[in-house]
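In: Based on what follows, work out the 3D shape:
(one chain, ligands or ions: 2)
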Amino acid sequence: MRSVSRLSLFGLLALGCGASACIVFSNPAEVMPAGDGGSVLSIAYPSRDVYAILSTTAVSLVPDVDGTPSAFSISPALPSGLVLNSESGIIAGVPGTVADDVEYTVTAAGDVGSVQDSFRLTVLAGYAVNSSLDGPDDDGGADTSCFSTAASGCSLRAAVQTANGQAGKQLILLQSQTHTLASALPNLDSDLVLAGMGATSSVIAPAAANPGHRFAEVTGTPTLKLAGVSVNDFGPANGAVLAGYSASAIVVKNSRFDGNRGGDGGVFDLGLGATLTVDGAHFENNGTGNWGGVVNLGSGSSADIQNCYATRNEGTWGSFSHIYAGAIMSITNCTLYDNVNYNSGTLASPEGTYHIRNVTLVGNSSTNPTGPAGYYFFTDLVTYFSANSILADNRDGNGAENNCHKNNVAAVLNSLGGHIISDAAGNCAAELTGPNDQLATNPLLVGAAPADNGGATLTWLPQAGSPALDGGVNSECAAKDQRGEPRPADALGGGPLCDAGAVEAQP
Ligand SMILES: [Ca+2]
Ligand SMILES: [Ca+2]
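Out: Ligands and ions are numbered 1, 2, ... in the order given. This is a model prediction of the structure:
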């Protein structure tokens, strides 16, 4: 069988894409033939996510094909102007109608069966940034032309100003370069997709680290999506990258955040109905001297964070996250390693609800001599629902393990089972009695730190013989692991049982 290489950290796979036009992410899929005629038939398009500006961007998607398919077809129908060559499988053209994050599936038919691959396509009106310099639009975004004389082109700022002035969801495409901002962007007040060429390629940063302003604030009720970008070194400010204090939605896909400094919320600070959805993110060296090294959720806000790696983030209460009354924080398939709190908790909360599933929370610490370094419940108004997760080697400032601690023992930890916890779980132990909960148990992970085990973010594999293998509960099993591999998988031969932690060992 042909091996398919994988790129880590949302790297660019530039097969077949022209100019700055086409965004391609890693994770090509290989599909085995339904039949078994002896020759393997497979197709893999170079991208999982493609972004194109309406009537502007030339798209060219050339599939990697093995075997000899007789015909290609696609469903649903492509936007006008984009054509699938039924003999080669190549998709090319300039799209002339809108598609808003639509999944397309291509079928390659062979003599003995057919195989499929799919990708997502976004076609929206918008602007291609072609200057890495900062500068305002010449008419402040009043007309539909994005041009900044100061930046000698369409700058990111001019593109946002221009997009803000247009009706309907807009798309801004970034090139593979570092886009420098001298001040916060104008508030984002209409639906917008900001897509780069991959998190190792398209970077947005201030001229000097941590100049005292954030990246941007989302105001009103729009949806902002960041895809395939790195946003680094903003703040200090509450929500150093993005703040949302209205019924707005922030969506993050396959992006990276480094070196941002918050007041509250080293990367994101939300409140008053704002929502955050993350699918694929690397968070490193962000922090706050206060609440939530990566995320702070104020009253009434919520976050759903999946497939993430977070390391070296710092916060006083919650080196990764901190939440308030009415806030709901869901974390699934994330690896949290070597984050440091100054007082209590990698995940902390005075009030609100956490939903934790298939998380590997290992090797975090506190500088507080008696500071908890895993789950931390400050008041009796905190509720956790937790399943299929590994909490290990999270240590207080004295070096003692402290994976779970209730400051107020009336707080509620609902264990749904499948935990591997390396210490006796302190005063959380009485509630860690779900199916497959194992306390004072070494999870036996490979090596001393997370590593590239496939997929876009770093993960930490269990060793052979680890209690995490088949140590979860299927009723709470995420459908895929942090790498995108299917769950539950049957690596041990005893049937498909969910593994504890963010990765699922594959047969
Ligand atoms: Ca203009
Ligand atoms: Ca398993």
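In: hey, which strand is longest across this protein?
Out: For the chain, the longest strand by residue count, based on DSSP state E, is strand 375-387.
In: other SSEs contacting that one?
Out: Where contact means 3 or more C-beta pairs under 8 Å, 6 or more residues apart in numbering; DSSP states H and E, strand 375-387 is packed against strand 347-357, strand 404-406, strand 412-415. Any C-beta I mention is one placed from the backbone N, CA and C, and that applies to glycine too.
In: Paired strands for the helix or strand just after the first one, with orientation please.
Out: Read in the C-terminal direction, the helix or strand following strand 347-357 is strand 360-362, with elements assigned using DSSP states H and E. Based on DSSP bridges, the pairing partners of strand 360-362 within the sheet are strand 328-337 (parallel), strand 390-392 (parallel).
In: Please enumerate residues in contact with strand 360-362?
Out: By C-beta atoms under 8 Å, 6 or more residues apart in numbering, the list of residues contacting strand 360-362 from outside reads 334-337, 346-347, 374, 389-394, 403, 443, 445, 450, 459-460, 501-503.
In: rerun that using 7 Å as the cut-off
Out: Surrounding strand 360-362, the residues in contact under the criterion C-beta atoms under 7 Å, 6 or more residues apart in numbering are 335-337, 346, 374, 389-394, 445, 460, 501-502.
In: Between all of the residues you listed, which two are separated the most?
Out: When C-beta to C-beta is used, the two most widely separated members of those are 346 and 445, lying 16.6 Å apart.
In: The two: who's more crowded?
Out: When neighbours are counted by other C-beta atoms under 10 Å, residue 346 comes out ahead of the other of residue 346 and residue 445, with 33 against 24.
In: Might you list the low-confidence residue ranges for this structure?
Out: Flagging of the chain using pLDDT under 70 yields the residue ranges 1-39.
In: near ligand 1, which residues of it?
Out: Contact residues, the chain versus ligand 1 (C-beta under 5 Å from the ion): 137, 139, 143, 145.
In: go with 8 Å
Out: 137-147, 158, 161-162 (C-beta under 8 Å from the ion).
In: ok, so of these, who is nearest residue 272?
Out: Proximity to residue 272 was ranked across those by C-beta to C-beta; first place goes to residue 161, at 25.3 Å.
In: from the stretch 351-500 of the chain, which residue is nearest to ligand 1?
Out: Among the residues of the stretch 351-500 of the chain, residue 456 lies closest to ligand 1, at 35.8 Å counting by C-beta to the ion.
In: How many residues are close by that residue?
Out: 27.
In: how about it, phi and psi?
Out: phi -90, psi -20 (degrees, to the nearest 10).
In: quick one on the thing from earlier: can I get the helices and strands packed on strand 375-387 in TSV including distance to residue 75 and mean neighbour count?
Out: Shown next, in TSV, are the helices and strands packed on strand 375-387 (distance: least, C-beta to C-beta, whole Å; neighbours: other C-beta atoms under 10 Å):
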stretch	distance to residue 75	mean neighbour count
strand 347-357	32	24
strand 404-406	48	26
strand 412-415	42	18
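In: could you dump these to TSV with distance to ligand 2?
Out: Formatted as TSV, these follow (distance: least, C-beta to the ion, whole Å):
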stretch	distance to ligand 2
strand 347-357	15
strand 404-406	24
strand 412-415	19
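In: contacting residues for residue 480?
Out: With contact taken as C-beta under 7 Å, 6+ apart, residue 480 is in contact with 486-487.
In: Tell me how far it lies from ligand 2.
Out: Going from residue 480 to ligand 2 by C-beta to the ion, to the nearest Å gives 13 Å.
In: Now do the residue of the stretch 251-400 of the chain found nearest ligand 2: how many residues are near it, please.
Out: Closest residue of the stretch 251-400 of the chain to ligand 2, C-beta to the ion: residue 388 (10.6 Å). Here the count is done by other C-beta under 10 Å, and residue 388 has 34 residues near it.
In: Same check on residue 166?
Out: Residue 166 has 15 neighbouring residues, counting by other C-beta under 10 Å.
In: Which residue lies nearest the spatial centre of the protein?
Out: residue 280 (2.3 Å; C-alpha atoms, centre = their mean).
In: follow-up on the earlier one: mean neighbour count, the strands paired with strand 360-362: which tops it?
Out: When the strands paired with strand 360-362 are scored by mean count of other C-beta atoms under 10 Å, the highest mean neighbour count falls to strand 390-392 (a mean of 30).
In: And the contacts of stretch 402-411?
Out: Outside stretch 402-411, the residues touching it (C-beta under 7 Å, 6+ apart) are 372-380, 382, 391-392, 394-396, 421-423, 425-428.
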